[in-house]
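Trainee: Would you be able to build a 3D model of this:
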Amino acid sequence: MVFAATGRPPFGDDNIAAVSYRILSAEPDLSAIPEPLRDVVRRCLAKDPAQRPTANEVLLRLLNRSDPSPAEALEQGRAVARGVATVDLGDGPTTLPSLPRRKVLTGVGAMTAALAASSAMLWYRLTSDDTPATLAAEAPSSATPTATRAAASGAFPPPDNPQELAAAIDAALAVTPSATFEFDGGFTQSDWSVSAEGRLYHDSVERRETAFDMVIHYPPAEQDLGPEQMIIANGAGYALQRRNAKFTLDPEEKKLPSYARAAHMVVAMSSIQAILELLLATNRVRRKDRTYTGGVPVREDTHELVVRYLRDWGGASGYVNYRLTVDEHDLPKQWRVGWRMPYGDGSVLESFFTTRYREWRGDRKISPPR
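Mentor: Presented below is the predicted three-dimensional model:
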């Protein structure tokens, strides 16, 4: 019905994941539909199924009728669709009848009612005096300021639980999968610290992993190695200044050179799949505006990328907490992971890893070097 009247769907048509999220969490864009159609369509798109009218109720509303027989309503709807009849709107503002829900027409009757309703709505649209530009500038009369701003900017209200947040991030990344990032982190119980910067690309459709094209800076003890460019793609790493030396990203691999261990830290702590996995492993998060905090214990039976990486360093002990800030489009801005591990003398060692993301965009994929 919305498409018939405006030429575009009510929740956009850019990406299946993003559209699905809007259907679940956002209000439809009905600004280009004039009243009284807007109220009818809004009811049809209500989140609560009990609030949606039947096809016959919609037809009666569009025909400005109270409750004629189903056959009479269908016949008038067909006449409007053929253009041989019009809807009597009267001299003043149209007052559509408020009808209780009842048993919907069945079989061919229900289909005819739906098609007739769409045709009647299209008749309203074509005979309106408002131009498309004027209609597009109008906001729905019952829309809240927040909903109106969200529709205009593409922003959505912040999700409230970790599962909704993970789904929102995944949907947003399907549209803008690439970003510039900076990473810094290390272990307090050793001199192993790493920093990196570059570009990442998260494939949320096929491989469902994050690829990197980055420059890594090694810890002080490894300064003789110097900064080094690396590519992480298709489940493997490549050290470009070492003739594209290929190395594994398998967390079980123990005999890795220093440059590969540095890349492991960046991938484990700053990749998008690490964020999504920890969110999905969290029972609940605390939210302040668009910043979320949560945590999970380090156990032998956990499979999250972050936990597997830390477990290889210190065994199954301690817990991971995190703080994630997302922007108004549900894209990560800052991701800080903390690892607290009990030590033998009763103290607790703390290690921190921070990643900042900016300039999210639809960019080319990152591929292995040729």
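
Trainee: which residues are contacting stretch 261-272?
Mentor: 169, 173, 181, 183, 185, 192, 194, 196, 200, 202, 204, 209-210, 212, 214, 216, 218-219, 222, 230, 232, 237, 247, 249, 251, 256, 274, 305-306, 308-309, 332, 335, 337, 353, 355 (CB atoms under 8 Å, 6 or more residues apart in numbering). (Each C-beta comes from the backbone N, C-alpha and C, glycine too.)

Trainee: So which of the residues you listed sit within strands?
Mentor: 181, 183, 185, 194, 196, 200, 202, 209-210, 212, 214, 216, 230, 232, 237, 247, 332, 335, 337, 353, 355 (DSSP state E).

Trainee: Of those residues, keep whichever come out buried.
Mentor: 181, 183, 185, 194, 196, 200, 202, 209-210, 212, 214, 216, 230, 232, 237, 247, 332, 335, 337, 353, 355 (16 or more other CB atoms under 10 Å).

Trainee: Can you pull the phi and psi angles for residue 362?
Mentor: With angles defined as degrees, to the nearest 10, residue 362 sits at phi -90, psi 110.

Trainee: and residue 323, that one's in a strand?
Mentor: Yes: applying DSSP: H, G, I helix; E, B strand; the rest coil, one finds residue 323 inside a strand.

Trainee: since we're on it, how many residues are nearby?
Mentor: By other CB atoms under 10 Å, the residues close to residue 323 number 18.

Trainee: Show me what it bridges to in the sheet.
Mentor: Residue 323 has these beta-bridge partners by DSSP bridges: residue 293, residue 336.

Trainee: Just list the residues touching it, thanks.
Mentor: Per CB under 8 Å, 6+ apart, neighbours of residue 323: 291-293, 334-336.

Trainee: now residue 200
Mentor: Residue 200 neighbours (CB under 8 Å, 6+ apart): 178-179, 181, 210-214, 270-272, 357, 366.

Trainee: can we see that at 7 Å?
Mentor: By CB atoms under 7 Å, 6 or more residues apart in numbering, the residues touching residue 200 are 178-179, 181, 210-212.

Trainee: Check residue 290 too.
Mentor: Residues near residue 290 by CB under 7 Å, 6+ apart: 158, 325-327.

Trainee: Neighbour count, distance to residue 6 and secondary structure added to those, as JSON lines?
Mentor: Formatted as JSON lines, the contacts of residue 290 follow (neighbours: other CB atoms under 10 Å; distance: CB to CB, whole Å; DSSP: H, G, I helix; E, B strand; the rest coil):
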{"residue": "158", "neighbour count": "17", "distance to residue 6": "29", "secondary structure": "coil"}
{"residue": "325", "neighbour count": "16", "distance to residue 6": "36", "secondary structure": "strand"}
{"residue": "326", "neighbour count": "23", "distance to residue 6": "31", "secondary structure": "strand"}
{"residue": "327", "neighbour count": "14", "distance to residue 6": "29", "secondary structure": "coil"}
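
Trainee: Looking at the residues you listed, spot the one nearest residue 284.
Mentor: residue 158 (14.9 Å; CB to CB).

Trainee: Would you quantify the distance from the closest one to residue 287?
Mentor: 7 Å (CB to CB, to the nearest Å).

Trainee: before we move on, what about residue 260?
Mentor: For residue 260 relative to residue 287 (CB to CB), the value is 37 Å.

Trainee: What of residue 352?
Mentor: Taken as CB to CB, the span from residue 352 to residue 287 is 21 Å.

Trainee: Run through the helices of the stretch 101-250 of the chain in chain order.
Mentor: Taking DSSP state H, counting those that start in this stretch, the helices of the stretch 101-250 of the chain run over residues 107-126, 132-137, 145-153, 162-175.

Trainee: Then residue 18 would be within a helix, right?
Mentor: Yes: secondary structure of residue 18 (three-state DSSP): part of a helix.

Trainee: residues in contact with it?
Mentor: Taking CB under 7 Å, 6+ apart as the test, what residue 18 contacts is 12, 171-172, 174-175.

Trainee: let's see 6 Å
Mentor: Residue 18 is in contact with 171, 175, counting by CB atoms under 6 Å, 6 or more residues apart in numbering.

Trainee: Please tell me how far it sits from residue 209.
Mentor: Using CB to CB, residue 18 is found at 20 Å from residue 209.

Trainee: And residue 326, by the same measure?
Mentor: On the measure of CB to CB, residue 326 and residue 209 end up 20 Å apart.

Trainee: Equivalent analysis for residue 218, please.
Mentor: Computed as CB to CB, the residue 218 to residue 209 distance reads 24 Å.

Trainee: re earlier: quick one: which of the contacts of residue 323 is nearest residue 22?
Mentor: Checking the contacts of residue 323 against residue 22 with CB to CB, the nearest one is residue 292 at 20.8 Å.

Trainee: Now the phi/psi pair for the nearest residue to the closest one once chain neighbours are set aside, please.
Mentor: In this structure, residue 292 finds its nearest non-sequential neighbour in residue 285, 4.5 Å apart by CB to CB, 6 or more residues apart in numbering. Dihedral pair for residue 285: phi -130, psi 160, per degrees, to the nearest 10.

Trainee: My understanding was that residue 285 contacts residue 294; is that so?
Mentor: Yes: using CB atoms under 6 Å, residue 285 is in contact with residue 294, at 4.0 Å.

Trainee: Contacts for stretch 181-199, please.
Mentor: 180, 200, 213-217, 219, 221, 262, 265-266, 269-270, 349-351, 353-357.

Trainee: Let's see that with 8 Å instead.
Mentor: Contacts for stretch 181-199 (CB under 8 Å, 6+ apart): 178-180, 200, 212-221, 261-262, 265-266, 269-270, 313-314, 337, 341, 343, 349-358, 363, 366.

Trainee: can you tell me which residues contact residue 280?
Mentor: Counting by CB under 8 Å, 6+ apart, residue 280 has contacts 162-163, 166.
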